[in-house]
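Enquirer: Pasting the sequence and the predicted model now:
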Amino acid sequence: MRLARAATLVAGAAAAYGLRAWQRNREGRQVWADATDGLPGPEAPRESAEDAHVDPEETPQG
């Protein structure tokens, strides 16, 4: 009888922990989604490494 109660208690605690972990994961995904809304998507044109390089001699000094 004690073993059954202990098993029930452990199962309940594990279920509560699992539910809370699932909720935190879901909230974290929503925060990440909101934080990245303004970023360009994969269809946005990318700048190659060669295009990103700026030669200091070619930059106008003003």
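Expert: Alright, I've got the coordinates. These numbers were taken from a predicted model, which means no experiment stands behind them. Residues are numbered from 1 along each chain as shown.

Enquirer: State the distance from Ala4 to Arg24.
Expert: If you measure Ala4 against Arg24 using CB to CB, to the nearest Å, the figure is 31 Å. Every residue, glycine included, has its C-beta placed from N, CA and C.

Enquirer: Look at Gly41 and tell me its secondary structure.
Expert: Classification of Gly41 using DSSP: H, G, I helix; E, B strand; the rest coil returns coil.

Enquirer: so who does it touch?
Expert: For Gly41, no residue counts as a contact, taking CB atoms under 8 Å, 6 or more residues apart in numbering as the criterion.

Enquirer: Got the phi and psi for it?
Expert: Summarising the backbone geometry of Gly41 under the convention degrees, to the nearest 10, its torsions are phi -80, psi -180.

Enquirer: quick one: it and Trp32, what's the gap?
Expert: In this view, Gly41 and Trp32 are 15 Å apart by CB to CB.

Enquirer: Leu3 too?
Expert: In this structure, Leu3 lies at 43 Å from Trp32, with CB to CB as the measure.

Enquirer: Tally up the residues packed near Ala11, please.
Expert: When neighbours are defined as other CB atoms under 10 Å, Ala11 has 10 of them.

Enquirer: brain fart, Val10
Expert: Residues lying near Val10 (other CB under 10 Å) number 10.

Enquirer: where does it fall, helix, sheet strand or coil?
Expert: Classified using three-state DSSP, Val10 is helix.

Enquirer: got any ranges where this structure has weak pLDDT?
Expert: In the predicted model, the chain carries pLDDT under 70 at residues 44-62.

Enquirer: Can you show me the helices along it?
Expert: If you assign secondary structure with DSSP state H, the helices in the chain sit at 2-35, 49-52.

Enquirer: Just say which of the ones you listed is most tucked in.
Expert: Highest mean neighbour count among the helices of the chain (mean count of other CB atoms under 10 Å): helix 2-35, with a mean of 10.

Enquirer: Which strands or helices does that one pack on?
Expert: For helix 2-35, not one helix or strand is in contact under the criterion 3 or more CB pairs under 8 Å, 6 or more residues apart in numbering; DSSP states H and E.
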